[in-house]
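Trainee: Predicted model follows, preceded by the sequence.
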Amino acid sequence: MRLTEIHNLGEGGDGSGARYNSEVAFLYRIAGDKKFNPRKPSSSMDMSMFADPKRTATEIDRFLVPNYNAKIFDAWEHLADSYMDAIAQKEGARPQKLGWAGGSNINDDGVADVVFYDFPAAGVSIKDTGGITLANLTPKSLGLEPDRGRDVFSHLAQKEFDAMKKAIFTDVLNDSMSKPDEPQNYGGTRQIVYNSETQDFTVDGKQKSITATADQIMAQIGNNANWQRVFGDWFQQNWQAKKSYAAPLYKKVAKMIELQLEEALGDNEKLQRILQFADQPYYYATTKGLYLVPSIADAGDLQLKQVYYGEPDGTAQKFIAEIGHPDNPNNARVTVYIRYANGMFESNPTVRVQDLKNPENLLWEKIV
């Protein structure tokens with residue numbers, strides 16, 4: 001799916017593989033003119049149907065071949081068959097000119113992965129799950145902008161954040177010291193080892209390791225860093241036993257974030273952008289159904305009805321936003337997650353708008 005705002009271009013790993021398989025399968029169902037060849041997928045399609053045949057052929061082969069998954073591809077080819085029949089019935093025709101967001105995941109229309117040119121709808125936005133996931137945002141986009149390199153939770157409640165990290169780091173360092181010279185990891189890829197001879201610690205980072213004393217490590221808890229991932233992994237693994245460490249922090253920030261979300265989502269233009277309405281209508285496809293998303297003009301005025309804390313049992317913080325039209329008591333609902341998508345303490349939290357419920361109350365039309 002094409003994600004607006006400031007988007008991480010490609011999640012990597014299995015996520016990217018699912019995206020390439022689902023999107024290229026959709027393209028193949030429309031433009032395929034011979035038996036599918038997973039070693040050179042573009043050779044299986046009528047590339048004259050694409051607005052930029054050369055670039056599209058190169059990207060199809062480049063991104064699908066190393067990520068090809070026959071199970072995902074075949075499932076989406078089957079879905080695309082029924083979805084395109086439904087689109088043709090709805091629009092009275094099939095698209096004759098195509099485009100693909102490809103590796104950049106960006107198109108001029110801002111929403112479609114599979115692009116339709118000279119067609120009533122802009123194309124199809126594809127999500128390889130049953131749920132409806134919307135925008136990846138930044139804390140800044142919701143008015144939660146910390147100083148550069150600073151954790152958003154630290155920005156909102158530094159005293160409580162530092163106390164939480166101090167307790168976590170202390171436990172991890174003590175655990176490592178109790179098993180000298182034995183590398184420890186906690187369900188992740190990073191590890192820590194206490195060096196008994198030098199009485200310091202070596203901690204793995206994404207790019208490089210650090211070696212430091214306990215005092216030197218504790219002095220750096222104010223900012224996140226990639227070598228701190230092992231401490232976050234420990235906390236995730238021991239959440240049920242140690243969640244009291246985070247309770248004062250999350251209690252304090254919950255109301256602050258609620259108020260900030262109310263302000264950030266308080267006007268129609270921002271809501272339309274976050275909910276991914278576009279100038280032209282488009283289709284949204286998941287494994288469980290196909291929707292027609294109206295244009296901005298047809299969506300009408302939207303209003304944030306309420307925001308409330310989701311009471312999560314974990315380190316991810318979630319908030320429920322109910323959104324609808326001013327004159328309609330029936331609302332759609334989205335979940336705003338603030339979480340460490342790339343590892344707790346390794347990098348700063350991200351903001352994701354997910355799990356859209358009751359989209360028909362935003363005038364989404366269920367097609368299949």
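Mentor: Thanks, I have it.

Trainee: Tell me where the stretch 201-350 of the chain has helices.
Mentor: 214-218, 229-237, 239-242, 247-264, 268-274, 296-299 (DSSP state H, counting those that start in this stretch).

Trainee: Would you point out the helix or strand in the chain whose mean pLDDT is lowest?
Mentor: The helix or strand of the chain with the poorest confidence is strand 136-137; it has a mean of 71 (mean pLDDT, DSSP states H and E).

Trainee: how near is the residue positioned nearest the centre of the chain to residue 276?
Mentor: With distances taken as CA atoms, centre = their mean, residue 136 lies nearest the centre of the chain, 5.2 Å away. Using CB to CB, to the nearest Å, we find residue 136 at a distance of 11 Å from residue 276. Where C-beta positions appear, they are placed from N, C-alpha and C, glycine not excepted.

Trainee: pLDDT weak spots in this structure?
Mentor: The chain contains residues with pLDDT under 70 at 1-16, 103-110, 138, 145-150.

Trainee: follow-up on the earlier one: residue 152: which of the helices of the stretch 201-350 of the chain is closest?
Mentor: Among those, helix 247-264 comes nearest to residue 152, with 8.6 Å by CB to CB.

Trainee: What is the burial count for residue 245?
Mentor: Counted with other CB atoms under 10 Å, the neighbours of residue 245 add up to 20.

Trainee: same question but for residue 58, I mixed them up
Mentor: Residues lying near residue 58 (other CB under 10 Å) number 14.

Trainee: ok, the residue lying closest to it once chain neighbours are set aside - contacts?
Mentor: Closest residue to residue 58 apart from its sequence neighbours, by CB to CB, 6 or more residues apart in numbering: residue 42 at 7.8 Å. Residues in contact with residue 42 (CB atoms under 8 Å, 6 or more residues apart in numbering) are 56, 57, 58, 60, 61.

Trainee: Kindly report the same for residue 151.
Mentor: For residue 151, counting by CB under 8 Å, 6+ apart, the contacting residues are 161, 223, 224, 348, 349.

Trainee: Out of those, name the two that are farthest from one another.
Mentor: Of all pairs drawn from the contacts of residue 151, the greatest distance, 13.4 Å, lies between 223 and 349 (CB to CB).

Trainee: Between the two, which is the more surrounded one?
Mentor: residue 349 (23 against 14).

Trainee: So that one sits against residue 342, correct?
Mentor: No: assessed by CB atoms under 8 Å, residue 349 is found out of contact with residue 342, at 9.2 Å.

Trainee: Kindly point out which residues are neighbours of both of the two.
Mentor: By CB under 8 Å, 6+ apart, residue 349 and residue 342 have no common neighbours.

Trainee: Select from the contacts of residue 42 the one having the most neighbours.
Mentor: Busiest of those [other CB under 10 Å] is residue 60, holding 26 neighbours.

Trainee: and the helices of the stretch 201-350 of the chain as TSV, adding mean neighbour count?
Mentor: Listed next are these as TSV, based on neighbours: other CB atoms under 10 Å:
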stretch	mean neighbour count
helix 214-218	14
helix 229-237	23
helix 239-242	12
helix 247-264	17
helix 268-274	17
helix 296-299	14
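
Trainee: Of the ones you listed, which is nearest residue 312?
Mentor: Using CB to CB, the nearest of these to residue 312 is helix 247-264, at 8.5 Å.

Trainee: Tell me which other helices or strands that closest one touches.
Mentor: In terms of contacts (3 or more CB pairs under 8 Å, 6 or more residues apart in numbering; DSSP states H and E), helix 247-264 is packed against helix 152-156, helix 158-177, strand 303-309, strand 317-324.

Trainee: now the ones you listed in TSV, with mean neighbour count?
Mentor: Below are the helices and strands packed on helix 247-264 laid out as TSV (neighbours: other CB under 10 Å):
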stretch	mean neighbour count
helix 152-156	21
helix 158-177	18
strand 303-309	16
strand 317-324	20
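
Trainee: Quick one: closest of these to residue 51.
Mentor: strand 317-324 (34.4 Å).

Trainee: Return the residues in contact with the closest residue to residue 67 other than its chain neighbours.
Mentor: Leaving out its chain neighbours, the residue that sits closest to residue 67 by CB to CB, 6+ apart is residue 17, at 3.8 Å. Counting by CB under 8 Å, 6+ apart, residue 17 touches 67, 69, 72.

Trainee: Kindly report the same for residue 168.
Mentor: Residue 168 neighbours (CB under 8 Å, 6+ apart): 231, 232, 234, 235, 242, 245.

Trainee: quick one: contacts of stretch 263-272?
Mentor: Residues from elsewhere that reach stretch 263-272 (CB under 8 Å, 6+ apart): 141-143, 274, 296, 299, 301-304, 307, 321, 323.

Trainee: which one of the residues you listed is nearest residue 289?
Mentor: residue 299 (19.2 Å).

Trainee: excluding its backbone neighbours, what's nearest the closest one?
Mentor: That would be residue 277: by CB to CB, 6+ apart, it lies 4.9 Å from residue 299.

Trainee: ok, now residue 160?
Mentor: Taking CB to CB, 6+ apart, and ignoring the residues beside it in sequence, residue 160 has residue 249 as its nearest neighbour in space, at 3.9 Å.

Trainee: check contacts around the one you found.
Mentor: 153, 157, 160, 161, 163, 164.
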